[in-house]
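**Student:** What shape does this take:
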Amino acid sequence: MIAKRLKPVALQARRLYVELMFQVMGRALQGISEVDKTAQNEARELPDGFLFEMMVRPNGPGLIVEHTGSGHFRYLGSEAPRPVDLSIQFKHIAHAYLVVSFQEKTSVAFAYDRMLVDGDISYAIRMTRILNRLETFILPKLVAERAVKEYPSNLKLPEKVLSAARIYLKVATHFFDTARAS
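**Tutor:** Next up is the predicted model:
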């Protein structure tokens, strides 16, 4: 009886967590594109105005980032101003929760058919590399190793800490700017 009452609460908690994580990820994508040359080089190959979406189907939380040129992203929130170029869609909130809570790698979720990719596969691979780089910086190594396909062996602690601090500072700045504009 109690379990039946707690199920909707647990689902709502997962939804709120996924929504918050998408906001953090969107701002962190913008942040890494401002501070990391490797991520900038990956993003430079995307066309200017390229829109990337990650969302939960059918109308769950999501994030939209735009490539503004020169390898830089701008987080646009959850509403696309025009049709997106690449969409990664989780089939259910539980699937998104597994990935954004770092219990399951994105590649594993894709292999288990928990998500769809709509758009050019080469762009999807490029965005996945950028997301993996972001996760290696902003997550503790133990968690990052579970989240990404391959943790870079040449990433040393000083570089990781400095990059993470710069990215988190950008995320905090973007949250603050959003709150101030509201």
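
**Student:** Any stretches of the protein with poor pLDDT?
**Tutor:** Filtered on pLDDT under 70, the chain yields the residue ranges 1-6, 182.

**Student:** Spatially central residue (nearest the centroid) of it, please.
**Tutor:** The chain has residue 25 as the residue nearest its centroid, 4.0 Å off, counting by C-alpha atoms, centre = their mean.

**Student:** wait, doesn't residue 61 sit right on residue 17?
**Tutor:** No: counting by C-beta atoms under 8 Å, residue 17 is not a contact partner of residue 61; they are 9.5 Å apart. From N, CA and C alone the C-beta is placed, and that goes for glycine too.

**Student:** These two: which has the busier surroundings?
**Tutor:** Counted by other C-beta atoms under 10 Å, residue 61 and residue 17 do not tie: residue 61 has more neighbours, with 21 against 16.

**Student:** Just give the closest residue to the more buried one, not the sequence neighbours.
**Tutor:** Among residues not flanking residue 61 along the chain, residue 19 sits closest, at 3.8 Å (C-beta to C-beta, 6 or more residues apart in numbering).

**Student:** Kindly report the same for residue 98.
**Tutor:** Closest residue in space to residue 98, ignoring its immediate chain neighbours: residue 104 at 4.1 Å, by C-beta to C-beta, 6+ apart.

**Student:** What's the separation between the one you found and residue 175?
**Tutor:** In this view, residue 104 and residue 175 are 26 Å apart by C-beta to C-beta, to the nearest Å.

**Student:** Could you point out the longest helix of the chain?
**Tutor:** The single longest helix within the chain, with elements called by DSSP state H, is helix 2-35.

**Student:** Now tell me what touches the helix or strand residue 158 falls within from outside.
**Tutor:** Under the criterion DSSP states H and E, the helix or strand holding residue 158 is helix 157-181. Applying C-beta atoms under 8 Å, 6 or more residues apart in numbering, the contact partners of helix 157-181 are 23-24, 27-28, 30-32, 34-36, 75, 134, 136-138, 141.

**Student:** returning to what we had before: correct me if wrong: the residue nearest to the centre of the chain contacts residue 63.
**Tutor:** Yes: counting by C-beta under 8 Å, residue 25 touches residue 63, with 6.0 Å between them.

**Student:** For those two, list the residues in contact with both.
**Tutor:** Counting by C-beta under 8 Å, 6+ apart, the common neighbours of residue 25 and residue 63 are residue 54.

**Student:** Can I get stretch 50-67 as PDB, trimmed to CA atoms?
**Tutor:** In PDB, the C-alpha atoms belonging to stretch 50-67 read as follows (Å, rounded to 0.1, in the frame of the first residue of the first chain):
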ATOM      1  CA  PHE A  50      23.800  24.000 -35.100                       C
ATOM      2  CA  LEU A  51      21.100  23.100 -32.500                       C
ATOM      3  CA  PHE A  52      21.600  20.200 -30.200                       C
ATOM      4  CA  GLU A  53      18.800  18.800 -28.100                       C
ATOM      5  CA  MET A  54      18.800  16.200 -25.300                       C
ATOM      6  CA  MET A  55      15.400  15.400 -24.000                       C
ATOM      7  CA  VAL A  56      13.000  12.800 -22.500                       C
ATOM      8  CA  ARG A  57      10.200  11.700 -24.700                       C
ATOM      9  CA  PRO A  58       7.400  12.500 -25.300                       C
ATOM     10  CA  ASN A  59       7.400  15.900 -23.600                       C
ATOM     11  CA  GLY A  60       9.800  15.600 -20.600                       C
ATOM     12  CA  PRO A  61      12.600  17.800 -19.600                       C
ATOM     13  CA  GLY A  62      15.300  18.700 -22.100                       C
ATOM     14  CA  LEU A  63      18.200  21.000 -23.000                       C
ATOM     15  CA  ILE A  64      19.100  22.900 -26.100                       C
ATOM     16  CA  VAL A  65      22.500  24.200 -27.000                       C
ATOM     17  CA  GLU A  66      23.500  26.200 -30.000                       C
ATOM     18  CA  HIS A  67      26.900  26.300 -31.700                       C
END
